[in-house]
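A.B. asks: coords please:
(chains A, B, C and D)
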Protein chains: 4
Amino acid sequence: MPNRTPQPTSTATTTTVVTDIEVRYAETDQMGIVHHSNYLVWFEQARTRLCLETGHHYADIEAMGYQLVVTRTESRYLRGARYGQTVSVTCWLERLSSRGLRFAYEVHHDDDKLAEGATEHVWVDVARGRPCRIPSQFEAPFRALAGR
Amino acid sequence: MPNRTPQPTSTATTTTVVTDIEVRYAETDQMGIVHHSNYLVWFEQARTRLCLETGHHYADIEAMGYQLVVTRTESRYLRGARYGQTVSVTCWLERLSSRGLRFAYEVHHDDDKLAEGATEHVWVDVARGRPCRIPSQFEAPFRALAGR
Amino acid sequence: MPNRTPQPTSTATTTTVVTDIEVRYAETDQMGIVHHSNYLVWFEQARTRLCLETGHHYADIEAMGYQLVVTRTESRYLRGARYGQTVSVTCWLERLSSRGLRFAYEVHHDDDKLAEGATEHVWVDVARGRPCRIPSQFEAPFRALAGR
Amino acid sequence: MPNRTPQPTSTATTTTVVTDIEVRYAETDQMGIVHHSNYLVWFEQARTRLCLETGHHYADIEAMGYQLVVTRTESRYLRGARYGQTVSVTCWLERLSSRGLRFAYEVHHDDDKLAEGATEHVWVDVARGRPCRIPSQFEAPFRALAGR
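C.D. replies: Got it, this is the predicted structure:
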């Protein structure tokens, strides 16, 4: 098809999922707000939901012999979350390489942004106990998540 | 003292260990005291120390293919523990049967008793995935813990 | 309707609420199942939902100057919960007295009962820092929860 | 002493404290290693010990009406920690400004570095509910921690 304008390579868009999480009393600390360590647990719950968009629950990815081991986390805290609130955690796949990926997160309550963060992971082949390239069956679905 | 009743033959006594635990900020909740769920984690840390008295770290017992699966827990809370305190958790083996055991716990801060509790466990053979009798190599050391 | 048999005075029934909770990866332990301490946190989340049936979020009860301090917990564990599952926690008010209450819980996954438990609480007047009778504004709604 | 090379103005050195932490069973996850969120809790325990070097337990700093609210955390994970191990968390004050500070951390097990990270904090005046300059009574001791 000669003179056709080439498709832009990035019409596809990044998949974003929002997970609502009810703040638990046990998650608060004596400051009266949620202890900062719990945001990593919330990020993980949001990541679980996002992964589900690949068609595989992360539990099944592990059952197939692969893990997405956390190599790095970052969080920035803007306002405290409180018991009685339900927060929304937005998650998307920010970066994808042949051996790892980086997810990004934002936590909101109503119109307030409470926190944002990112986690980086590498693929690990459990049987061999070491990092590996992204398993071929996950390549297309994770690319799709990243909008590529 | 002629007519005195003879000493019972079981002078052996139950082994008791005391584990000091520094209260963590993350363990407090918005009441300003330690959230009650953390006592189960403290009990477990104390139980780990007590098990060590058998000559086997509990991690090694698992590595040998057995687990002491928790079947029941009970706690009574008398006073709250606070960040800045170091609490003492006393633990002993309260009951021992052929298939399970029951540990008891007391948590103190200085002269105050903060809590007491108990946990019950059954032996599980990991390879078979089901409950089993106490493995023979652990029978004598656990009996000794119980003072028998 | 003249000859109708009078309604028994206690047709009222105990209010039961069911809370669905998605198992979090962080809640599992190296046995591959949810660590037993997390059930107390789940019970609390279920209790929060039940309390909401009184018309007051528990966060508001605290804001009004009262706490329901935990004095006792019990749990029995039948089967492990796993990451990838959503469990259902049923909660109801089992006992109500002038100074405290006892909630009961059951945790299910599909048709399997995973655990059951109970927690006991006393009312505390925060300003005075000590136990008190149930505040008058909460008496009717909590009685209603208990089906009385 | 004429020809002597002048002393560098910063002979004072940064205070470093090492805190030993016994890995708790509850801290592991189904990967068989410590869940990454627990490192933030370990960092906090190490930071508590370091703060003690100022002559004030952090609990007392809060009791005096100030908080060091967490605004940012970062962690890099190199190897997993396991139940049965005791890890060492090294902590020091990496940066100090008039309104905040940054602590750095390294976690080791024997000769292996397991993780490293940092946390940033701002001073908050609790009564006013907002950020403030470092309270004057803490300025000298925190400067000393930073080796200035």
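A.B. asks: how about the residues of chain A near chain B?
C.D. replies: Residues of chain A found near chain B (Cβ under 8 Å from any Cβ of the partner chain) are A:25-26, A:28-33, A:35, A:37, A:83. All C-beta atoms are positioned from the backbone trio N, CA, C, and that covers glycine.
A.B. asks: Mark which of these are buried, thanks.
C.D. replies: A:25-26, A:28-31, A:33, A:35, A:37, A:83 (16 or more other Cβ atoms under 10 Å in any protein chain shown).
A.B. asks: Using TSV, lay out the residues you listed together with pLDDT and secondary structure.
C.D. replies: Listed next are those as TSV, based on pLDDT from 0 to 100; DSSP: H, G, I helix; E, B strand; the rest coil:
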residue	pLDDT	secondary structure
A:25	98	helix
A:26	98	helix
A:28	98	strand
A:29	98	coil
A:30	98	coil
A:31	97	coil
A:33	98	coil
A:35	98	coil
A:37	98	coil
A:83	98	coil
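A.B. asks: Show me where chain A has its helices.
C.D. replies: With DSSP state H, the ranges of helices along chain A come out as A:38-52, A:58-63, A:136-145.
A.B. asks: among those, which is nearest chain D?
C.D. replies: helix A:38-52 (4.0 Å; Cβ to the nearest Cβ).
A.B. asks: how far off helix D:38-52 does that closest one point, in degrees?
C.D. replies: If you take axes from the mean of the first three to the mean of the last three Cα atoms, to 10 degrees, helix A:38-52 sits at 160 degrees to helix D:38-52.
A.B. asks: so what pLDDT did the closest residue to residue A:31 other than its chain neighbours get?
C.D. replies: Excluding the flanking residues, the one nearest residue A:31 by Cβ to Cβ, 6 or more residues apart in numbering or on different chains is residue D:67, at 6.3 Å. Looking at residue D:67, its pLDDT is 97.
A.B. asks: Let me see the contact set for residue D:67.
C.D. replies: Contacts for residue D:67 (Cβ atoms under 8 Å, 6 or more residues apart in numbering or on different chains) come out as A:31, D:61, D:123-124, D:126.
A.B. asks: how close does it sit to residue D:56?
C.D. replies: 13 Å (Cβ to Cβ, to the nearest Å).
A.B. asks: just to revisit the earlier point, ok, the residues of chain A next to chain B vs residue A:148, which is closest?
C.D. replies: Of all the residues of chain A next to chain B, residue A:148 sits closest to residue A:37, with 32.8 Å by Cβ to Cβ.
A.B. asks: Now rank the contacts of residue D:67 by neighbours and give me the top one.
C.D. replies: residue D:123 (22 neighbours; other Cβ atoms under 10 Å in any protein chain shown).
A.B. asks: and that one, what does it touch?
C.D. replies: Counting by Cβ under 8 Å, 6+ apart, residue D:123 has contacts D:66-69, D:99-100, D:131-135.
A.B. asks: now swap in residue A:101 and tell me
C.D. replies: Counting by Cβ under 8 Å, 6+ apart, residue A:101 touches A:68, A:93, A:95, A:120-121, A:142, A:146.
A.B. asks: May I have the beta-bridge partners of it?
C.D. replies: For residue A:101, the beta-bridge partners under DSSP bridges are residue A:96, residue A:121.
A.B. asks: per-residue pLDDT, it?
C.D. replies: 97.
A.B. asks: Do you know the pLDDT at the most centrally placed residue in chain A?
C.D. replies: Among the residues of chain A, the one closest to the centroid is residue A:47, at 3.4 Å (Cα atoms, centre = their mean). Here, the pLDDT recorded for residue A:47 equals 98.
A.B. asks: how about it, what does it touch?
C.D. replies: So residue A:47 contacts A:58, A:91, A:103, A:105, A:119 (Cβ under 8 Å, 6+ apart).
A.B. asks: Now for the last one: which residues touch it?
C.D. replies: In this structure, residue A:119 makes contact with A:40, A:43-44, A:47, A:70, A:72-74, A:102-103, A:105, judged by Cβ under 8 Å, 6+ apart.
A.B. asks: can I assume residue A:147 is in contact with residue A:16?
C.D. replies: No. Checked against Cβ atoms under 8 Å, the pair residue A:147 and residue A:16 is beyond contact range at 9.8 Å.
A.B. asks: Please work out how many residues are found near residue A:114.
C.D. replies: By other Cβ under 10 Å, neighbour count at residue A:114 equals 23.
A.B. asks: Mind putting the contacts of residue A:47 into a markdown table with distance to residue A:111?
C.D. replies: Formatted as a markdown table, these follow (distance: Cβ to Cβ, whole Å):
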| residue | distance to residue A:111 |
| --- | --- |
| A:58 | 31 |
| A:91 | 19 |
| A:103 | 24 |
| A:105 | 18 |
| A:119 | 25 |
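A.B. asks: Widest-spaced pair of those?
C.D. replies: Spatially, the most separated pair among the contacts of residue A:47 is A:58 and A:105, at 15.5 Å (Cβ to Cβ).
A.B. asks: Looking only at neighbour counts, state which of the two leads.
C.D. replies: residue A:105 (26 against 21).
A.B. asks: Just the pLDDT for residue A:89.
C.D. replies: 98.
A.B. asks: check contacts around the closest residue to it other than its chain neighbours.
C.D. replies: The shortest distance from residue A:89 to any non-neighbouring residue, by Cβ to Cβ, 6+ apart, is to residue A:46 (4.0 Å). For residue A:46, the contacting residues are A:17, A:19, A:89-91, A:105, by Cβ under 8 Å, 6+ apart.
A.B. asks: can you do 7 Å?
C.D. replies: A:17, A:19, A:89, A:91, A:105 (Cβ atoms under 7 Å, 6 or more residues apart in numbering or on different chains).
A.B. asks: And the residues you listed, which of them are buried?
C.D. replies: Buried among the contacts of residue A:46 (16+ other Cβ under 10 Å): A:17, A:19, A:89, A:91, A:105.
A.B. asks: Distance to residue D:114 added to these, as TSV?
C.D. replies: Below are these laid out as TSV (distance: Cβ to Cβ, whole Å):
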residue	distance to residue D:114
A:17	31
A:19	29
A:89	27
A:91	26
A:105	24
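A.B. asks: Could you work out the most separated pair of these?
C.D. replies: A:17 and A:105 (10.6 Å).
A.B. asks: what touches both of these two?
C.D. replies: With Cβ under 7 Å, 6+ apart as the test, residue A:17 and residue A:105 both reach A:46, A:91.
A.B. asks: thinking again about what came up before, out of the helices of chain A, which gets nearest to residue B:115?
C.D. replies: Per Cβ to Cβ, nearest to residue B:115 of the helices of chain A: helix A:38-52, 23.6 Å.
A.B. asks: Hey, what's the angle from the closest one to helix A:136-145? Just curious.
C.D. replies: Using the same axes, to 10 degrees: helix A:38-52 against helix A:136-145 is 110 degrees.
A.B. asks: If we go by neighbour counts, what in helix A:38-52 is buried?
C.D. replies: Counting neighbours by 16+ other Cβ under 10 Å, helix A:38-52 gives A:38-51 as buried.
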